[in-house]
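J.: Fold the following.
(one chain, ligands or ions: 1)
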Amino acid sequence: MKWFLLALLALSALICGCSSGDVNNDDDHSAPADDDTHAVDDDAAGDDDTLNPDWYRTATFMQIFLRSFYDSNGDGIGDLRGLIVKLPYLAELGIGAIWLNPIYPSPFFDSGYDVADYEAINPDYGTLDDFRELLDRAHELGIRIVMDGVFNHSSWENPWFVESRSSRDNPKHDWYVWGDEPLFDCHDPLEPEFGQDRWTFDETVGQYYYHFFREQMPDLNYENADLREAVKNVVRFWFDLGVDGFRLDAAHLYYQDAEYCWNHPKTHAFLKELRQVADEYGDRVFVGEVAGAPEKVIEYLGDGRDELQAIINFNLTYGFYASYFLHTPWPIETMMDLTYERFPPGGTHAVYQSNHDFYRMFGLLLGDDDWAKMTSVVQLTLPGIAFVYYGEEVGMTNGHEVVVDYRDAARTPMHWDASPTAGFTTREPWIALAPNHATHNVAVEDGDPHSLLNHYRRVIAIRNARPVLAEGSYTPVVADSNHVFADLRQSADDSLLVVINFSAKPQEATLDLSPTSWGGRVGTPRDLYSGAELPHLDAFSAAAYPVSLPAYGFVILELVGD
Ligand code: BGC
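T.: As a prediction, the model looks like this:
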């Protein structure tokens, strides 16, 4: 129930005093213009004018836990060739990039986050040639591929660690964190699944090794320059193959010591070095999984161009939980103010509702399709990079079987059709399906114009057609209902007003548009989602513009005719 604790923590942070501070609506988060100080390497791909270094800013990502996406060879396990088969489905949905959870060889103590070989593919999923083909096919369809970079720790079966623990004299001994006794205590009480004891004694070398996570996952030692170079070379290996970026796992933990358990200043220094590797290629992205207080995670964006291009905004996800259960937007508004509004120019965030570490949002929303449609509009119309978790678009709920740990609830096979194996495999799936596979699946929803799937297709199409939603400035608009969220999104040549009812009851609200750029405009707001026209807007109605929304209703408005 970590999500619940985290939502409570987020709520208490909001209640006890994170003041909402100054809203700086003029902040420009669009990509920094290239100038002489930009770090793109002169002699590398950065000179290529055909590269688009900012592609990630407007792409709608799908996060895919490959083991559960589509099984092409009937062994009950999803694989790379299965993903290749399903690429057209993703293209039709409007997906512009895929983040793949780890696909490296792994003994699977942590579902692949214990990497046994950084430069190979897990045979359960296919071969390096399959991966090359995936890159080619995806790129042909305009879909980028981002891998999981698990560089805080490796598997204890990784040859790097096998050497490290073979003797104190081995040149790689120092690639991991060893101590004659436990040197510091950094356990995380919110992550009981990893155990509380972070140091394990090794008989061969007569020392303890450090593991923030499980004992099978020893931490890499970033004090060692050879290790740092080896990690950079792993990144280059995949970039050379054509990989478009990395989601950096647990990136706030790279350096730990008695003074800093996370967010160590040296971690920032290393991430800046790593950013230079991306800049050697010109169009590769790092999205950091970093956790902590809003002001700490913002630091991972550096000055907006010299550290990570984007961070996963956990604080905003906790704001989603709080807002959805309290039926009011203020936790989201507050989290936007504490995070996105304070990013350096050019810095952005990844916005998600569900991922492989949490219970699926659709389950938390009690399988209510209308509620889920509303929350998806929140996610897909906020600024930043939207990460949709596979199956979220058809309303997969949480599973019940545990193979590795409780998080398997959100890692069950994709629902492709209503057959007994949900069209995922021809045999027994590696883990039991989520219970709602007969009603919430691609085949059933495809033909229903009102389905969640067709809703996602429509909203993603709007998002892709109007980049102002991903990149424009964000201005919260005051409404006279505690249940109504409104924000104006503005770029140089476009603007959209999003209005959303967080309540299970219809709402009549008025919006004060007078301080916004729509305050001085005249026209008819038209909903891009339904085509409906709203009352005329002019100088008289702007201060109390009326909006009427059904339960969990929403509109994405453009202003026509001024
Ligand atoms: C991943 C988890 C994983 C942990 C250790 C994370 O934050 O998202 O799934 O267990 O890192 O690698």
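
J.: residue ranges for the helices of the stretch 101-250 of the chain, please.
T.: In the stretch 101-250 of the chain, the helices defined using DSSP state H, counting those that start in this stretch lie at 128-140, 159-164, 225-241.

J.: and the longest one, which residues are buried?
T.: Of the residues in helix 225-241, those scored as buried under the neighbour-count criterion (16 or more other CB atoms under 10 Å) are 227-228, 230-232, 234-235, 238-239. C-betas here are computed from N, CA, C, even on glycine.

J.: for the helix or strand hosting F362, packing partners?
T.: For F362, the element it lies in under DSSP states H and E is helix 361-364. Other helices and strands packing on helix 361-364, by 3 or more CB pairs under 8 Å, 6 or more residues apart in numbering; DSSP states H and E, are helix 314-326, helix 369-381.

J.: out of those helices, nearest to the ligand?
T.: The stretch from those with the least distance to the ligand (CB to the nearest ligand atom) is helix 314-326; that distance is 9.9 Å.

J.: what's the angle from the closest one to helix 369-381?
T.: Here helix 314-326 runs at 150 degrees with respect to helix 369-381, directions being taken by axes from the mean of the first three to the mean of the last three CA atoms, to 10 degrees.

J.: how far does helix 314-326 sit from the chain's center?
T.: 15 Å (CA atoms, centre = their mean, to the nearest Å).

J.: Which of the three states applies to R81?
T.: On the three-state scheme (DSSP: H, G, I helix; E, B strand; the rest coil), R81 is labelled helix.

J.: which residues does the residue in the stretch 51-200 of the chain that the ligand sits nearest to contact?
T.: At 3.3 Å from the ligand, Y113 is the closest residue in the stretch 51-200 of the chain, using CB to the nearest ligand atom. Shown in contact with Y113 (CB atoms under 8 Å, 6 or more residues apart in numbering): 102, 106, 148, 150, 213, 217, 249.

J.: And it, its phi and psi?
T.: Y113 has phi and psi values of phi -80, psi 0 when expressed as degrees, to the nearest 10.

J.: Just to be sure, which of the contacts of Y113 are found in strands?
T.: Judged by DSSP state E, strands contain the following of the contacts of Y113: D148.

J.: Hmm, which of the contacts of Y113 is lowest in pLDDT?
T.: In terms of pLDDT, the weakest of the contacts of Y113 is F213, which scores 93.

J.: can you pull the contacts of that one?
T.: F213 makes contact with 110, 113, 153, 194, 250 under the criterion CB under 8 Å, 6+ apart.

J.: I'd say the third one and E215 touch.
T.: No: counting by CB atoms under 8 Å, H153 stays clear of E215, with 10.7 Å between them.

J.: quick one, which of the two is more surrounded?
T.: H153 (28 against 15; other CB atoms under 10 Å).

J.: Distance-wise, check L134 relative to W430.
T.: Applying CB to CB, to the nearest Å, one obtains 20 Å for the distance of L134 from W430.

J.: Between the two, tell me which one has more neighbours.
T.: For L134 versus W430, neighbours defined as other CB under 10 Å are more numerous around L134 (24 against 21).

J.: still on that earlier bit, take the contacts of Y113 and, keeping just the buried ones, write it as a PyMOL select command.
T.: Restricted to the buried members of the contacts of Y113, where burial is judged by 16+ other CB under 10 Å, the PyMOL selection command reads as follows:
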select buried, resi 102+106+148+150+213+217+249
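
J.: can stretch 132-149 be found next to the ligand?
T.: No: in this structure, stretch 132-149 remains apart from the ligand according to CB under 6 Å from any ligand atom; the gap is never smaller than 8.1 Å.

J.: Could you give me the buried positions within that stretch?
T.: Neighbour-count burial for stretch 132-149, counted by 16+ other CB under 10 Å, picks out 134-135, 138, 143-149.

J.: Likewise for stretch 551-562?
T.: By neighbour count, with 16+ other CB under 10 Å as the criterion, the buried positions of stretch 551-562 are 551-559.

J.: Residues touching that stretch, excluding its own?
T.: For stretch 551-562, using CB under 8 Å, 6+ apart, the contacting residues are 370-371, 373-374, 377, 381, 459, 462, 469, 495-507, 518, 521-530, 532-534, 537, 547, 549.
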